[in-house]
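Participant: Dropping a prediction and its sequence here:
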Amino acid sequence: MVPSNPSPARHRANRRVLVACAAVVMSMAGAAYAAVPLYDLFCKVTGYGGTPRVAREGAATTLDRAVTVRFDSNVAPGLAWRFDPEVASIEAKLGETLTVFYKVTNTGPATTTGIAAFNVVPELAGGYFNKLQCFCFNEITLKPGESMEAPVVFFVDPALATDRDVKSISTITLSYTFFAAKGSPKPVADAKDSRTPKL
């Protein structure tokens, strides 16, 4: 027996279901595409996940209370660079604007481009660690043997002293890791150039 053709009403219903399913799939794909930049923006605004906040100006007040700020530097495997802070740590009064320099040197045989990611430990301190200037997420290209100094200008928000969840924090670690930028040649780094985090 040959099946009869579906009625026009059934055909329209099937078409509506198909369009609805396609709309859901497209919405999910759009949400997935937007999730990374939206999460990155959320972290920068709130300090969530140890992401330092980006400030446009320094703090209005400076307190006598100080915290130790440690500076950590790492180079991911595949990038033949040496990367070190000028000092291992400093005492920072809450609200005080400070500048620290990192030095990066291309120790490999080829011109390479790197990009630095960062975070703050403990993570809860990320919402109080404010950067006014930073080299992070900027592509840096260095010729073989070339070095550069990169500044980080920051302050620790005085509000840290009144937040019961973080006011007992006495040490904050700012950690950077350089990775080979997309499309950059990736010579294998010597083991001595690729260091593990010192947290």
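Facilitator: Nice, I can see it.
Participant: quick one: low-confidence parts of this structure?
Facilitator: 1-6, 24-53, 183-199 (pLDDT under 70).
Participant: again, only using 50
Facilitator: Under the criterion pLDDT under 50, the flagged ranges of the chain are 32-50, 188-199.
Participant: domain parsing for it?
Facilitator: According to automatic domain parsing, the chain comprises the domains 1-46, 53-180.
Participant: would CSV of the ones you listed with mean neighbour count be doable?
Facilitator: Just so you know, the C-beta spots here come from the backbone N, C-alpha and C atoms, and that holds for glycine as well. Listed next are the domains of the chain as CSV, based on neighbours: other CB atoms under 10 Å:
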stretch, mean neighbour count
domain 1-46, 10
domain 53-180, 17
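Participant: Strands of the chain, start to end?
Facilitator: Assigned by DSSP state E, the chain shows strands spanning 53-54, 66-75, 81-85, 89-93, 98-106, 112-121, 129-133, 140-142, 147-156, 171-180.
Participant: Now tabulate those in TSV and tack on distance to Asp165.
Facilitator: Formatted as TSV, those follow (distance: least, CB to CB, whole Å):
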stretch	distance to Asp165
strand 53-54	16
strand 66-75	15
strand 81-85	28
strand 89-93	19
strand 98-106	24
strand 112-121	15
strand 129-133	15
strand 140-142	35
strand 147-156	15
strand 171-180	14
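Participant: out of those strands, nearest to Ala60?
Facilitator: strand 147-156 (10.6 Å; CB to CB).
Participant: What distance do you get for Arg16 to Ser7?
Facilitator: Per CB to CB, to the nearest Å, Arg16 is found 14 Å from Ser7.
Participant: Contacts only, for Ala116.
Facilitator: Residues near Ala116 by CB atoms under 8 Å, 6 or more residues apart in numbering: Phe135, Cys136, Phe137, Asn138, Ile140, Tyr176, Thr177, Phe178, Phe179.
Participant: so Thr112 makes contact with Leu142?
Facilitator: Yes: Thr112 is within contact range of Leu142, at 6.5 Å (criterion: CB atoms under 8 Å).
Participant: what residues are shared contacts of the two?
Facilitator: Trp81, Asn106.
Participant: Contacts only, for Leu94.
Facilitator: Ala59, Thr62, Leu63, Arg65, Ala66, Val67, Val156, Asp157, Pro158, Leu160, Ala161.
Participant: try 6 Å this time
Facilitator: Leu63, Arg65, Val156, Pro158, Leu160, Ala161 (CB atoms under 6 Å, 6 or more residues apart in numbering).
Participant: quick check, nearest of these to Val54?
Facilitator: Val156 (14.3 Å).
Participant: gap between that closest one and Ala88?
Facilitator: With CB to CB as the criterion, Val156 and Ala88 are 17 Å apart.
Participant: Ala150 bridge partners, please.
Facilitator: Note on Ala150: beta-bridge partners Tyr102, judged by DSSP bridges.
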